[in-house]
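Trainee: please find the sequence and the predicted model below.
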Amino acid sequence: MNNKPKIGVYVCHCGINIAKTVDVEAVTEFASRLPNVKVVRNYAYMCSDPGQLLIREDIEKEGLNRVVVASCSPRMHENTFRKTLAAAGLNPYYLEMANIREQCSWVHEDRDEATAKAKKLVYAAVVKARLLEPLYEKEVDVEPASLVIGGGIAGIQAALDIANAGFKVYLVEKTPSVGGRMSQLDKTFPTLDCSACILTPKMVDVANHPNIELLAYSRVEEISGYVGNFAVKVRKRARYVDVDKCTGCGICAQECRLAGRIPSEFDMNMGKRAAVYLPFPQAVPAKYTIDPERCLFLTRGKCGKSPKCADACASGAINFEQQDEIVEFKVGTVIVATGFDTFDPARKPEYGYSDYANVLTGLELERLVSASGPTGGAVVLGEGENAFVPKDIAFIKCVGSRDKSVGNEYCSRVCCMYTAKLAHLVQEKVPGANVRVYYMDVRAFGKGFEEFYDRVRREGIRYIRGNPSEIFKRGDKLVIKVEDTLAATPLEDEVDMVVLAVGLEPRKDAREIIDILRLSQSADRFYLEAHPKLAPVDTATDGVFLAGCAQGPKDIPDTVAQAKGAASSALVLLSSGKVKIQAQISFVNENTCRGCGYCVEICPYGAIDLVAVNRMGNPVQVARVNEALCKGCGACAAACFSGSVQQKSFMDRQILPQIAVLGVMK
Amino acid sequence: MVDVEKLKEIARETVSRDDVKYLIGWRQGTYGFRTAPHFVGTPEEADNLIFSPLCSHNLATYLTLVEKLPVPRGQDPDSRKVALLVKGCDSRAVVQQLIEQGIGRDSVFVIGCPCRGVVDLKKVEAKFPGMREKVSATWGNGTIIFNLPNGNVEVPRQEVLAGKCLTCRYPNPLLSDLNFGEEVAVWGSDDYADVKNLEAGSPQERWSFWEEKFASCMRCYSCRNVCPMCYCEDCVLDRLNPQWVMRSVNTAENTAFHLARAFHLAGRCIECGECERVCPVDIPIMKLNRKLSKEVREKYAFEPGLDPESKPLQASYRPDDKEDFIL
Amino acid sequence: MSAEFEPNVVAFLCNWCSYAGADLAGTSRTHYPPNLNVIRVMCSGRVNPLFVVNALQQGADGVLVSGCHPGDCHYMEGNFYARRRFTLLRELLEYVGVEPGRFNMSWVSASEGAKWKDVVGEVTQKAKEAGPFKQFRRDKINW
Amino acid sequence: MDIKKVRNEKFADFLAILGEQKLYAPQKVGESLRFAHVTDSSKVELAMANTTVPPKSIFFPQTETLYRYEMGNTEIQPPAVGEVGIVLGVRPCDARAQVIVDNLFSWDVDDPYYKERRDKATVVGLACNKPCVNCFCLSLGGDPASTEGMDLLMTELDDAYLLQPLTEKGEKLCQAAAAVAEPATAEDLAAAEGLHGQAREMITRKIETGGIPENLPALWENALWQETAASCLGCGICTYLCPTCHCFDIQDEVEGLEGRRCRMWDSCMFKEYTLHASGHNPRPTRRERTRNRINHKYSYFVDKFNVIACVGCGRCINHCPVNIDILEILAQVKEAL
């Protein structure tokens, strides 16, 4: 094929936007003298239909094989003109743009200077255009399945949406049951819906959905591959209970020698469970799990004469020989919905959380007021003879949020409302209770939030603006030292119970998923979305999406909305069945590559591997780009000493002539 | 005292191994104070091995310089190891080559030779001009003893050691499969005085210093070819498309060549000084390399060629790297 | 000199931050000197340090590399690598006698049109002060 | 033609007279000695063994513009070769080497650039009183006082430089220097003869070249090439510093819309030297390249021009970073024959 460059140069007036400052005719005349330029035209609006038609006609009639458009920023219209080229049957990557508007006519006043600069920019574009090569956007097939990591409400919702659309979902949950944080809640703000009542049907749906494979009590160990083709390795931990045989009857737990002696994680360690346990009554799957760190038989090899659970189980489901199982499968997309941990108030010792039993966190109170909680929903502190019902109750907000001293600058978004909700519930449950809330600000921004905040204040809950400095014990009472900043009065408030409205933090093991999926963290340490505005559920890794609090604190409706967004983003890929990969990616000249691995180290996407190849019978290793993973940043090309790695459309041999033109031409 | 007979014995044993292709060491040169790389393929050839203050060549360069011929179809490539004698500085080259995967650890058998410094041939030949007869040398106590035809001459080693040896901080090999000779106490420290001296001048003074040097460069590429870290088979500076550096030999192109060469060694140069040693027109190349070594040490607390597990400087970063000059 | 020396500055801008910032300067109709011409790359991490040497050789009196602020790189890490490379390159250039004002680097985000204007002004001024680059300019003198 | 002498105290004046023409002489450039245009005669260094870079660089510059052009213009503009006046201080080996190289540049056609420089230049030789360690000119038909390729031979005496004109150009130079010169005495001539004899005695390195040119190709597959090449770095020192090596490459260098075609030294020791556009390389390794270097000098060139393209200046031995010694190679060749 005769591929001698025949370049068309199109100089845009952009009305008067360019033409006012740049002598478009002079630029046109200049361009006509440049090497390989066959056609030069100027036109009022190149991006208009007639403007584009000019280009199309010239390509077709004059046989142009490269196009330079001197107009606005390529960030504005590069795609427009690429389509123009494609419509005329020319490879869209034979386009080069000269930005003579944003970076020339709009920023310069002197017509001669601006015209001279425009000429230079056009010349640089022409020399690059001469060297452009056709690029093709390849497509790869998408494995019609999705992995959802985390079985909280975000993961559940995302899994259900994808499964309902007809695609296979692997839902991986690290604890024995799905449900997540929401299952621990009693009521939800501001509507006071029963959390369990709205959540459990969805949990059951997950368990029963033909398209969902629930891998509870499991961890993702490894994910390799790229968008459309992720290979996943999951470790299913041994439950020591054969889930096929277990009927969930619970006799094992009743019989367990440690029944009622192990703090229940679900009840924030306030309730007790056995070594074989169901985390909570509505758990899904409704299968028992033996806690390998507690079970006498598993830790000591001996449990009385014989393990009572095994003896009692009628279906013979107890199996102490069970081993972890590695499950491997392929998916096209991944949704990360790993949720949050609550702030550990022990990091703010002035609040005495570690010292005083009647200083609680919000989530602990949540369990206390829950009918399924350790007290059956009664607000009672202490045990046995010491049990008492607190009357003077204070809430402290922003514990571990908006607090640089603990490294959390952000607002946790839910504490204001859950405080209002809990205050309301406590007052409802403790007749005559005297409830107050210490706050910095009240952020009641969501639908129905302000109304609810109003309601609880009308119910008699006092809001006192002040950030307590210290809590200490005086007799039976806790004393809160605080300044009422509205009244400018120092207070010492004596109360029976303090509830700390702890904020939300990234999971303590968040790093694991970062390493597995090459995600990034934002400054708040939550997972970083691809764009804070326009790609809030995407990540820098194509095909990997975020849902729920893993990305940042949010309430249930926002979480569900984001989960649905993530599911929808995943479905776009899954349902199209194909994914287009970048065209302007890197490639390696394997003949000159010395396999030093700098590019491999540098690539932020893990898109380059060293592979063994045979060079004239000699084994050598060379870098190879995984085209589906490469995002076209070109960092590898700059790192390559031998120039063996190059980025398409930004090759050294395309950039050097640009430098020459800009340097030499005065 | 260096027990050369012991070295020969080690070499004989090494080349007798089934998994060793050949051993690279040093031998007496053809005249005067010269020595030469010596490729030992058979136990007999080990007889000519020496190890002395004259053994300046960094033999690690041959690990990557070796030209692999096409292997005829049906035959297996020779995967036997190359055995190599290394001084402290040379061993850093091997370490850095391992990091950059130019060579595999199992493809090389490293015999470490703790070193008390090698001579700068230019200093020695100036001291004893016109030496035709072959001369050997040994290390004395803080001296170098030259076995001249008319008797031994002992010279304080400060007078004849190579510049790199005067500031040497790594006289003992950092990596070896086998050690020959006793560990040597570190004597040197490096304050980069040579670099700082030049830095102190004005830009004009610095350029006039370098202009003269770069202008005299003939682009024989010996500095590049001898460098154990310049292992690209196709050097980017030899390319015609794109042509980074014109073939024309003049100050501008020579400067671009030297800047590119030096930059490509930033965070990689292990300061064996071979580039400067081989330069036929005596360009102080190490002054360039050492500038970058200094910056790399000061700014990133990094030294190449020390730890085979470390990441290359230019392929890593810290979010809080200094950036005082950035607008 | 009769006419004031007008330097020639070649700039390498990353597509996502600095190029967008320069576009914003245009959209905001700020005005700055015309001495600087831009080569767009996808990331400051793409800029091979030899581009800078080459630009000086080929007639640039000043060179600028501009990328996203640290932590804001569209490709997460590219500007961190660029920062290391160009910190070292700058030291090397100055060491052989290139005036300190000739090579510059900046972080300009997509929202910093005003900063871009300032950067262009500063870089142009510095190159102007340094005068025509002669040290290793590929020149007809050498022909 | 009368032999004259310039006393040491008048030598500066002599240089000043020579400097009326464009004068090239050994000077320190950077850190090494080479022939360069003399702008300050106090920088001329004649008390040397020899220059690092041979004077071939004057007649055959390392980089030379053949012509310039502009894009879109078919006219080419060859540059003026410029003035070449006197080349002072050329050692006999180098003067002789240039005569050998003349063969090549006037073989099928005269190379106009080279020829013009050669024709214009007056070569003022300088006899070697103290040959260096690796000099072996005697083995190749040379001599520390050889006059081949010179217009005038100088010999450094204790108190004066003896000037022995050899050609008309040399004679003219002597006449131009008449004011600072005086006739040489018989004692002077005897002293020079003595020095020349002493110098011959000092040359200890030798090779008997007989039989090498005709038999060298027979050693094509001999192991000695591989053994030599094993330590070779593949750099250009031996060829660039060789006074008879004359290979060049031709390249176009374009800047903007202007360009030039130029030639520059090339070296058969470089991999790119024989690399074909297809990627094929007929001399794929240093073994073939090393073999070629010796064969070219000692056999191919002899076939074509009946003279060995080596003058025994010893530069390749002096400067090889890995002590590859051409005399050692030739000794092995002799042994293998």
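Mentor: All right, it came through fine.
Trainee: look at the residue of the stretch 151-300 of chain B found nearest chain C and give its secondary structure.
Mentor: Residue of the stretch 151-300 of chain B nearest chain C, by Cβ to the nearest Cβ: residue B:207 (2.6 Å). C-beta coordinates here come from the backbone N, C-alpha and C atoms, glycine included. Assigned with DSSP: H, G, I helix; E, B strand; the rest coil, residue B:207 falls in the helix class.
Trainee: ok, now how distant is it from residue A:183?
Mentor: Distance, residue B:207 to residue A:183, by Cβ to Cβ, to the nearest Å: 72 Å.
Trainee: so how far is stretch D:240-258 from its chain's centroid?
Mentor: Distance, stretch centre to chain centre, for stretch D:240-258: 18 Å (Cα atoms, centre = their mean, to the nearest Å).
Trainee: helix or strand for the closest residue to chain C within the stretch 51-200 of chain D, which one?
Mentor: Closest contact between the stretch 51-200 of chain D and chain C, by Cβ to the nearest Cβ, is at residue D:65 (5.4 Å). Element membership for residue D:65 (DSSP states H and E) is strand D:63-70.
Trainee: quick one on the thing from earlier: what's across from the residue of the stretch 51-200 of chain D closest to chain C in the sheet?
Mentor: Note on residue D:65: beta-bridge partners by DSSP bridges are residue D:262.
Trainee: correct me if wrong: it contacts residue D:262.
Mentor: Yes: with contacts counted by Cβ atoms under 8 Å, residue D:65 reaches residue D:262, the gap being 4.8 Å.
Trainee: between these two, point out the one with more neighbours.
Mentor: Remark: of residue D:65 and residue D:262, residue D:262 carries more neighbours, 23 against 19, as counted by other Cβ atoms under 10 Å in any protein chain shown.
Trainee: who touches that one in this structure?
Mentor: Applying Cβ atoms under 8 Å, 6 or more residues apart in numbering or on different chains, we find residue D:262 in contact with B:248, C:143, D:63, D:64, D:65, D:66, D:250, D:251, D:252, D:253.
Trainee: about what we covered before: measure the residue of the stretch 51-200 of chain D closest to chain C to residue D:196 for me?
Mentor: Going from residue D:65 to residue D:196 by Cβ to Cβ gives 41 Å.
Trainee: report the next helix or strand after the one helix or strand in chain C whose mean pLDDT sits lowest in sequence order.
Mentor: Least confident helix or strand of chain C, by mean pLDDT, DSSP states H and E, is helix C:18-27 with a mean of 92. Downstream of helix C:18-27, the first helix or strand assigned by DSSP H and E is strand C:36-41.
Trainee: near chain D, which residues of the stretch 1-150 of chain B are found?
Mentor: Contact residues (Cβ under 8 Å from any Cβ of the partner chain) of the stretch 1-150 of chain B with chain D: B:29-32, B:34-39, B:57, B:61-62, B:65, B:67, B:69, B:130-132.
Trainee: what do you get for the stretch 401-550 of chain A?
Mentor: For the stretch 401-550 of chain A, no residues are found near chain D under the criterion Cβ under 8 Å from any Cβ.
Trainee: where does the stretch 401-550 of chain A get nearest to chain C, which residue?
Mentor: Using Cβ to the nearest Cβ, residue A:520 is the residue of the stretch 401-550 of chain A that sits closest to chain C, at 5.5 Å.
Trainee: what's the neighbour count on that residue?
Mentor: When neighbours are counted by other Cβ under 10 Å, residue A:520 registers 18.
Trainee: tell me which residue is most central in chain B.
Mentor: For chain B, residue B:272 is the residue whose C-alpha lies nearest the centre (Cα atoms, centre = their mean; 3.4 Å).
Trainee: how confident is the prediction for that one, by pLDDT?
Mentor: If you check residue B:272, the pLDDT there is 94.
Trainee: correct me, but it touches residue B:89?
Mentor: Yes: with contact defined as Cβ under 8 Å, residue B:272 reaches residue B:89; the gap is 4.5 Å.
Trainee: which residues are in contact with both of these two?
Mentor: Both residue B:272 and residue B:89 are in contact with B:58, B:164, where contact means Cβ under 8 Å, 6+ apart.
Trainee: apart from its chain neighbours, what residue comes closest to residue A:588?
Mentor: Nearest residue to residue A:588 in three dimensions, chain neighbours excluded: residue A:623, at 4.8 Å (Cβ to Cβ, 6 or more residues apart in numbering or on different chains).
Trainee: which SSE is immediately downstream of the helix or strand of chain A with the lowest mean pLDDT?
Mentor: One helix or strand of chain A scores below all others by mean pLDDT, DSSP H and E: helix A:510-517, with a mean of 86. Per DSSP H and E, the first helix or strand lying C-terminal to helix A:510-517 is strand A:544-546.
Trainee: pop out the phi and psi values for residue A:37.
Mentor: Note on residue A:37: backbone dihedrals following degrees, to the nearest 10 are phi -90, psi 120.
Trainee: state the distance from it to chain C.
Mentor: Taking Cβ to the nearest Cβ, to the nearest Å as the measure, residue A:37 falls 19 Å from chain C.
Trainee: residue contacts, the residue of the stretch 51-200 of chain D closest to chain C?
Mentor: So residue D:65 contacts C:143, D:79, D:260, D:261, D:262 (Cβ under 8 Å, 6+ apart).
Trainee: picking up where we left off before, name the element the residue nearest to residue A:588 belongs to?
Mentor: strand A:618-625.
Trainee: just the helices in chain C please.
Mentor: Along chain C, the segments classed as helices by DSSP state H run C:18-27, C:49-57, C:78-95, C:113-130.
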